[in-house]
Structures are given as structure tokens and as C-alpha cells.
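Enquirer: Take this sequence and fold it.
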Amino acid sequence: MTVISVELSNTPYEIHVQAGLLNNVGNILPSYARDGRLLVVTDKNVAAAVLPKFEAALRMAGVSCATFTLPAGEAGKSWMQLEQLTDWLLAHHVERSDHIIALGGGVVGDITGFAAHIIKRGCAFVQIPTTLLAQVDSSVGGKTAINSAAGKNLVGAFHQPALVLIDPDLLQTLPTRQLAAGFAEVVKYGLIDDADFFNYCDDNLDSFFAGDPVVRAQAIIRSVQSKARVVAADETERNGTRALLNLGHTFGHALEADTGFSDRLFHGEAVAAGMALAFRYSVRLGLCPTGDAIRVEALLRRAGLPTTLSDAGVSANGATLVNHMRHDKKMSGGTLPFLLAKGIGQTFLSKNVLLEDVAAFLDSEAQS
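Expert: Numbering: from 1, shown residues only. Purely as a prediction, here's the structure:
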């Protein structure tokens, strides 16, 4: 087992990564149960594919589960679902000392963490991510939220998990499209500040998608180590360090908004297209070598990910997409910081980007 510590001053926690870890939860989670029972939040797909094995492992340890099942996909991150979830937790007499279990992908972790933050002014929760995207990104760092009509993740809070349990074997249950969406977030860590890891992703892409357990575990571990390091340096995104994790997200969230936050475009797919756009925009500004942008696009395409507006199913013009961006959480004083790149592994935060120029760039992208 690999144990990665997230070194936060007030709420440090561990991330455990091990193949087959789901089968071992009976040796880990009983101490998090109250009166031999755990409150579990999952979604419809995970309930069918993973929950029976999870419950069986806990029964062997004398622990029962009460389970709340969300609809699959972004529809699970709504005000309505949050209300239903909090009512369910209260009906099951949740206490502040309880540890609510989030068993699922990013949507499950986000809404469970937010519910845990607000219910009775704060309960603990444990993340057991079942998708690659959740394993390498959303389960680590304490960002919790729901979506609103104005945009993605605009209602939420920082609420760190008490523990994260990652089982790479769970990736075997994922459709290829879901796996590719998570791979975009893996590649992101190489693009931020680790060119060697980008090269690792490039060299081992075929083995990763073929199911090589060593390659998959290494990709997860290196991604989580990168995120843990950044989160420890800037837990609540105040000094600019953590903002680097948003590479591709400013463009990506606009694409998600234009496609209705639906399964038409998965979050990881939007991030992939957003990263490709960020690199091409950096080339436009004279910041990044053209060859690096081409390498980024080529790797993402090999993974089956979108890299253009057309690939992402987006036909909106630049002004419309920029209008989506104006709802971004990072907007401050009318200015929106952008993650740009001087090359692979050389991402930086720029506060001098003109949204009018971004709109013009996106219009040119739509015509290319």
C-alpha cells in the first residue's frame, strides 16, 4: 500500500492507494462506524457495479450500511438532490461525530462533502473514489460543491475528507470514455510543472488503457502526490499556487455550460479541450512554442479526448463562451485570471488576459 499524507495545519489526512483495497474496507472502516452502521452516499451506476462488494466486505466485519443513491452524472449535483440528501441524513439521525462515506465519482464526492460541511454545522466524511477522475483529482483537496443555474460548482465550501481510499482495480468497471475523461486530469499534472510525468503519460498511454496495473497505479500515485503537494501549499486557493490545478478549467467550464452540464461532454473531456485551447491561446500570445501545443493535442487525441470546440460539440461563438466565463469563481474586480503556459510543465497564472481577445481567439477556433 502507498500512503500519501496531505499535510494541512488543521485537518491533515491520509490517502491510501492499493489494488484490491475495496475488499479490505472491513479492516479499515469499522472504526469510522457508529453503533455498527455507516451512512453511505453513492449513485445509480456505482450502486449496481460496486456497492454489493463494498457492503459484503463490511458485513464480514459486522458493519451495516444505510445508503442514499443519487442519479448518475451531473444531475446529481443539484439543489434538489442536496435537499433530499440532507433530509435523508437527518432522518437517519446523523451526528456531528459521524463519518459519511462518499462511494462514487466526482459528483458523489462533491455533493457528499458539501452536505457533510453544512449538516449540523459540520460532519466528517470519507472519500472512496470509483472513477479515475475522482481518484486523481476531486477526492483530494477538500473542494465540495453543487451546480447552479449560473454555472458549475458555484455553491460550495472547502471541507477536507478524513480519509481517502483509492483502489485502482475499480477502474476495471469503467467504460473507456470515462477512463479517458479521468486521464485528462492525469495529463494535467504533467502539464502544470512536471514535464517528465507528461513524457511518462505519453510513453505509457497504450499500456494505461490496456489495463496495465503497474502503469495505472503509478499514474494515480504520481497524480495524487502532485495534488497533495499543491493543496498543502495553498489549501483554500489564496496565494495562487492551487490555482495551477485549474489548467484547462476556465475554458472547460464554459464548454460544459454550453453543453448544459450533461453527459454530452464529461468534465474531464471539457478539461482536455480546455487544456488544448489554453496551450493554443498561449501560442497566440507568443508565450509557448507551437511544438509543445501540438504535442499536447496529439497526446489528448490519442487518448480519445476532444481538443477543439467542434470535438467538444460546441458551436457557440466566442462572446457566448466568454459570457459563461464571467460566472467563474475566480473573477475578481472584473478580471478573470487564466492558466497559460510557457511550455509543457511550465504553467503559470496570468491576470492580464483580455476577455475580448479570448472571445476573438475562440471565434478563430470555431472557424478553423
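
Enquirer: Only C-alpha atoms, please: export stretch 358-368 in CSV.
Expert: Taking C-alpha atoms only, stretch 358-368 is exported to CSV below (Å, rounded to 0.1, in the frame of the first residue of the first chain):
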residue,chain,number,x,y,z
VAL,A,358,-10.2,35.4,-25.7
ALA,A,359,-13.6,35.8,-27.5
ALA,A,360,-11.7,36.6,-30.7
PHE,A,361,-9.5,33.6,-30.2
LEU,A,362,-12.5,31.3,-29.7
ASP,A,363,-14.1,32.7,-32.8
SER,A,364,-11.0,31.9,-34.8
GLU,A,365,-11.0,28.4,-33.3
ALA,A,366,-14.6,27.8,-34.4
GLN,A,367,-13.6,28.7,-37.9
SER,A,368,-10.5,26.5,-38.1
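
Enquirer: what distance separates it from the middle of the whole chain?
Expert: The chain centre lies 27 Å from the centre of stretch 358-368; the measure is CA atoms, centre = their mean, to the nearest Å.

Enquirer: Next, the buried residues of it.
Expert: 358-359, 361-362, 365-366 (16 or more other CB atoms under 10 Å). Bear in mind the C-beta positions are built from the backbone N, C-alpha and C, glycine included.

Enquirer: Check stretch 204-213 too.
Expert: Buried-residue list, stretch 204-213, by 16+ other CB under 10 Å: 204-205, 208-209.

Enquirer: now, among those residues, which is nearest to residue 26?
Expert: residue 208 (29.8 Å; CB to CB).

Enquirer: What strand or helix carries the closest one?
Expert: Applying DSSP states H and E as the criterion places residue 208 in helix 195-210.

Enquirer: contacts for that helix?
Expert: Contacts to helix 195-210, defined as CB atoms under 8 Å, 6 or more residues apart in numbering, come from residues 176, 179-180, 183, 186-187, 189-191, 212, 215-216, 218-219, 222, 226, 295, 299, 302-303, 343-346.

Enquirer: Kindly reformat the buried residues of stretch 358-368 as TSV containing distance to residue 96 and pLDDT.
Expert: Compiled in TSV, the buried residues of stretch 358-368 are given as follows (distance: CB to CB, whole Å; pLDDT from 0 to 100):
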residue	distance to residue 96	pLDDT
358	45	97
359	47	97
361	49	98
362	47	98
365	49	96
366	51	90
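
Enquirer: sorry, back to before: which one of the buried residues of stretch 204-213 is nearest residue 44?
Expert: Distances from residue 44 to the buried residues of stretch 204-213, taken by CB to CB, are shortest for residue 209, at 25.5 Å.

Enquirer: That closest one and residue 344, how far apart?
Expert: 21 Å (CB to CB, to the nearest Å).

Enquirer: Next: residue 30.
Expert: 45 Å.

Enquirer: Which of the two has more residues huddled nearby?
Expert: residue 344 (25 against 14; other CB atoms under 10 Å).

Enquirer: In contact with that one, which residues?
Expert: So residue 344 contacts 190-191, 195, 198, 292, 295-296 (CB under 8 Å, 6+ apart).

Enquirer: same deal with residue 164?
Expert: Residue 164 neighbours (CB under 8 Å, 6+ apart): 13-16, 126-129, 139-140.

Enquirer: cool, residue 231 as well?
Expert: Contacts of residue 231 (CB under 8 Å, 6+ apart): 6, 8, 140-142, 242.

Enquirer: want to throw these into JSON lines with distance to residue 313?
Expert: Formatted as JSON lines, these follow (distance: CB to CB, whole Å):
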{"residue": "6", "distance to residue 313": "36"}
{"residue": "8", "distance to residue 313": "39"}
{"residue": "140", "distance to residue 313": "29"}
{"residue": "141", "distance to residue 313": "29"}
{"residue": "142", "distance to residue 313": "32"}
{"residue": "242", "distance to residue 313": "30"}
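
Enquirer: Can I get the buried part of those as one PyMOL selection?
Expert: This is the PyMOL syntax for the buried subset of the contacts of residue 231, where burial follows 16+ other CB under 10 Å:
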select buried, resi 6+140+141+142+242
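
Enquirer: Pull out the buried residues from the contacts of residue 164.
Expert: Buried among the contacts of residue 164 (16+ other CB under 10 Å): 13, 15-16, 126-129, 139-140.

Enquirer: now the helices for the stretch 101-250 of the chain?
Expert: 106-118, 132-133, 176-193, 195-210, 213-233, 249-258 (DSSP state H, counting those that start in this stretch).

Enquirer: The fourth one to helix 176-193, inter-axis angle?
Expert: So the one you mean is helix 195-210. For helix 195-210 against helix 176-193, the angle by axes from the mean of the first three to the mean of the last three CA atoms, to 10 degrees is 170 degrees.
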